[in-house]
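1. Test case, fold it:
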Amino acid sequence: MKKTKIAPFDFRFRRLAGGRVLLTNDLGAWAVLKREEFSRFAAGRAGPGAAAAKLAAGGFVRNRLDMEGAAASLRERFFAGWKGPHVHIVSLNDRCNQSCSYCGALAGRGTSGGMTRAVAEKTLDFIFSIKVPSVMIEFQGGEPLLDFKTLKFMVAGARRRAAELGREVRFSVVTNLGLMDRAKMIFLLDNGVTVCTSLDGPADLHDANRPSPGGSAHRLAAKWIGELIKAGSPRAGFETPNAVCTVTRASLGRAREIVDEYVRLGVMRVQLGPLDPLGRARTAWAVLGYSGAEFLEFHRAALERILELNGRGVPVYEKGVLSFVKQIFSGARPRYQNLDLVYRLAYNRDGGIYGSDEARMLANSGDRFFRLGSVRSDTFGGLLKKPLAQFLWHSCLNPLCQPACARCAYSAYCRPSPVYNYIAQNSPWGNMAINERCAIYKGMLDLIFGLMRQKKAMAVFKKWDGLYA
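-> Just a heads-up that it's a prediction; the model follows:
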């Protein structure tokens, strides 16, 4: 066979199971080659077949580059035209009606006050001072329903500001649903406030993780998920409640049951969150924690169950996998990949500003290392000049700033959190060579690329990419 001379350009590679080799680059392109195809490519030779054509189209061949397309891809990937974060996480209080074993926010049933009207006004002023066309405001706590009047006040204020400025505004609330009632539900539905709750699995698992003085936390969550779906489904634009499963050691071995519980309750977005060593989880890690390898075994079982259900026509998906799949197929970051400072900011009840909700929760533990400033005294332009803001910017460009990420085939898709690195490895940069979260992301991506060799799994992933924003 005639060999064609090529000049390999800007690629990273990872050897996959079965002798295949994954190539990726900064343009967001990827290709999976057989071992012998990779050897020819790396040596500057390629046959005239489909593999060579795909490599050229993906920007892996120096002498066949589409320069305009490459420039457009790089502008997208490195935030050209960036104006500011669009996701704003507002913590209304640090009180809660439950006593979750792993609570990162250290919320309790104390008497500390919630966010004042004055701070709420300042927070909205700060959010809308950032000139972005669309804003998402997410209410958290503690338990935000404990300060529902403040939530309503901020929804009205945000709507007024958005109308005056000609911007789009959306809302969500993260609640355990234990304090939900019909009046609150109707307000949320009337105002298009999407609901995210916690669902750690079947009742025994959920209630063990999330003790509630009012009885079964699972019973109340299940009830109001059902009520929201029933009342909201006839409404245009209604979004089914989302739920997060915080994976603890008790979850391991129960992946299929957890997925089935989501489906039983009508929640088709399964979000499996690895536990952060933060707040109560940090002090109880010996009981609640696990290794990255154990999480990956759990995650594989959950994803296999999800794919099995999709084969039966059940449209359930896992958010973390979807995030990776959308980046793999489109080369663009999904809207819910909330990079600290670049795509999101978080605000504590006292007006403190942080790059992420994890940073805000760390401050509740007494460590304000990641505090950027305050809505009372800072402007967004002023924040960007601070050394911490400069660090957060650089942390979002891990292929340029992290030696281990610079040559990692998966660096285009993931980014271990600076807060995780700080609490797990005593450095916001972290050490990726022994970073458990880095190992989890690599394992998840290995699994996804492995499954993409199967026609049925690939068809499901493509369907997810087309259906879910």
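2. From the recorded domain assignment, give the ranges for the protein.
-> Using automatic domain parsing, the domain ranges for the chain come out as 4-77, 87-330.
3. can you list those domains in JSON lines and add mean pLDDT?
-> Putting the domains of the chain into JSON lines (pLDDT from 0 to 100) gives the following:
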{"stretch": "domain 4-77", "mean pLDDT": "86"}
{"stretch": "domain 87-330", "mean pLDDT": "96"}
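4. Which residues belonging to stretch 206-220 are considered buried?
-> Going by neighbour count (16 or more other C-beta atoms under 10 Å), the buried part of stretch 206-220 is 206-207, 209-210, 212, 216-218, 220. Heads up, the C-betas are built off the backbone N, CA and C, glycines and all.
5. Sorry, slip of the keys, the one I care about is stretch 119-130.
-> By 16+ other C-beta under 10 Å, the buried positions in stretch 119-130 come out as 119-120, 122-124, 126-128, 130.
6. quick one: which of the residues you listed is nearest Ala80?
-> Ala80 has its nearest neighbour among the buried residues of stretch 119-130 in Ile130, at 17.6 Å by C-beta to C-beta.
7. Farthest pair within the buried residues of stretch 206-220?
-> Pairwise distances across the buried residues of stretch 206-220 peak at 14.3 Å for Asn209 and Leu220 (criterion: C-beta to C-beta).
8. quick revisit: out of the domains of the chain, indicate the one that is most buried.
-> Looking across the domains of the chain with neighbours counted as mean count of other C-beta atoms under 10 Å, the highest average goes to domain 87-330: a mean of 18.
9. Could you work out the end-to-end span of it for me?
-> Terminal residues of domain 87-330 are spaced 22 Å apart (C-alpha to C-alpha, to the nearest Å).
10. biggest helix in the chain by residues?
-> helix 292-311 (DSSP state H).
11. So for Leu397, which of the domains of the chain sits nearest?
-> domain 4-77 (9.3 Å).
12. Show me the buried residues of stretch 206-220 that map onto helices.
-> Mapping the buried residues of stretch 206-220 onto helices (DSSP H) picks out 206-207, 209, 217-218, 220.
13. Of those residues, which is the nearest to Leu384?
-> When those are compared for distance to Leu384 (C-beta to C-beta), Asn209 wins out at 38.7 Å.
14. give the contact list for the closest one.
-> If you count contacts by C-beta atoms under 8 Å, 6 or more residues apart in numbering, Asn209 has them with 100-102, 200, 246, 248, 250.
15. Could you tell me which of the residues you listed belong to strands?
-> Those of these mapping onto strands are Thr246, per DSSP state E.
16. Asn348: which of the contacts of Asn209 is nearest?
-> Distances from Asn348 to the contacts of Asn209, taken by C-beta to C-beta, are shortest for Cys100, at 19.0 Å.
17. The closest one reaches Ser212, doesn't it?
-> No. Between Cys100 and Ser212 no contact is recorded; they are 9.2 Å apart, counting by C-beta atoms under 8 Å.
18. picking that back up, how about TSV for the domains of the chain, with distance to Cys414 added?
-> Formatted as TSV, the domains of the chain follow (distance: least, C-beta to C-beta, whole Å):
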stretch	distance to Cys414
domain 4-77	12
domain 87-330	8
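19. ok so Gly253 is a strand residue?
-> No. Read with DSSP: H, G, I helix; E, B strand; the rest coil, Gly253 is coil and lies in no strand.
20. give the contact list for it.
-> Counting by C-beta under 8 Å, 6+ apart, Gly253 touches Phe298.
21. Kindly recompute the last result at 10 Å.
-> 294, 297-298, 301 (C-beta atoms under 10 Å, 6 or more residues apart in numbering).
22. so can I have a markdown table of the residues you listed showing distance to Ala7?
-> A markdown table is the format used below for those (distance: C-beta to C-beta, whole Å):
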| residue | distance to Ala7 |
| --- | --- |
| Glu294 | 44 |
| Glu297 | 42 |
| Phe298 | 43 |
| Ala301 | 44 |
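23. Name the nearest of those residues relative to Pro85.
-> For the contacts of Gly253, the nearest to Pro85 is Phe298 (31.8 Å; C-beta to C-beta).
24. For the stretch 301-450 of the chain, which segments count as helices?
-> Using DSSP state H, counting those that start in this stretch, the helices of the stretch 301-450 of the chain run over 319-330, 357-364, 380-384, 387-395, 398-401, 403-406, 418-425, 436-451.
25. can you check the stretch 1-150 of the chain too?
-> In the stretch 1-150 of the chain, the helices defined using DSSP H, counting those that start in this stretch lie at 35-42, 50-57, 67-77, 117-129, 148-165.
26. between these, which one is nearest to Thr379?
-> Closest among those, using C-beta to C-beta: helix 117-129, at 6.8 Å.
27. which other helices and strands contact the closest one?
-> strand 87-91, strand 134-140, helix 148-165, strand 344-347, strand 352-354, strand 371-374, helix 380-384 (3 or more C-beta pairs under 10 Å, 6 or more residues apart in numbering; DSSP states H and E).
28. Contacts for the last one, please.
-> Contacts to helix 380-384, defined as C-beta under 10 Å, 6+ apart, come from residues 84-85, 126-127, 129-131, 341, 345, 353, 355, 372-374, 389-390, 392-393.
29. cutoff 6 Å now
-> When contacts are defined by C-beta atoms under 6 Å, 6 or more residues apart in numbering, helix 380-384 is touched by residues 129-130, 372-373, 389.
30. same thing with the first one?
-> The set of residues external to strand 87-91 that reach it, using C-beta under 6 Å, 6+ apart, is 127, 136-140, 338, 343-349, 357.
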